[in-house]
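# build me a model from this:
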Amino acid sequence: MPVKFIVSYISKLSKRERTIFYITAIVAGLVLLDRLILAPILSKIHELNETITLQEQAIEQSLLVVMQEDRVKEESKLYAPYLSKPEGEEKEVTAFLKEIENIAKQSSVYLVDIKPAGKDVDGVATRHYAKLNYEAQMEQVFNFFHSITSAGQLLKIESYDIRPKTEGGSIVTCSVSVSKTIIPE
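Here you go, the predicted structure:
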């Protein structure tokens, strides 16, 4: 019944009104086609294109890492001397203190006291501390500092205090806090 009503209504219209009606119907049909079919399809295509672009960028970054694999291996060989095999904590502390003693002997400083001063764990790395007191001439103190900082291990002078042993003398007493960072392989 509604189709007959529409057909009878259209047949009663003038030629100009029918043309306007048909144009309006075609435009309304195209708008409905756009809103109901084309817009969801186009938005889905746009979403997929964005996802593809993000995946391509991730792949490119991964390729950069893979392409630099040889360089990474070479750099890891450079830093290999700074890495240490996991040992017991006592062995690590003992080796650290012996290393400081050896550096002190090479620098010609007289060690009065050396003792461990704890440790600090930061993620993978462990930092051991040692407090030491020694006596030496200023030149030997500087040699000792230089030997500590240029050692093949990750040694660092955390703090120091230098005082003359006697007034007007050339020998000084020095209290130093030294740390060694241990990074397991």
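# after the helix or strand containing residue 27 comes which helix or strand?
If you go by DSSP states H and E, residue 27 is part of helix 15-33. With elements assigned by DSSP H and E, the helix or strand that comes after helix 15-33 is helix 39-67.
# if you count contacts, what does the helix or strand just after that next one end up packed against?
Once helix 39-67 ends, the next helix or strand along the chain (criterion: DSSP H and E) is helix 69-79. Here helix 69-79 touches no other helix or strand, going by 3 or more C-beta pairs under 8 Å, 6 or more residues apart in numbering; DSSP states H and E. For the C-beta atoms, the positions are set from N, CA and C on the backbone; glycine is no exception.
# re the thing from before, what mean pLDDT does the helix holding residue 27 have?
Mean pLDDT, helix 15-33: 92.
# quick one: contacts of it?
10, 13 (C-beta atoms under 8 Å, 6 or more residues apart in numbering).
# centroid-nearest residue for this protein?
The residue lying closest to the centre of the chain (C-alpha atoms, centre = their mean) is residue 123, at 12.4 Å.
# tell me the phi and psi of that one?
phi 70, psi -120 (degrees, to the nearest 10).
# again with residue 153
Per degrees, to the nearest 10, the backbone of residue 153 is at phi -110, psi 170.
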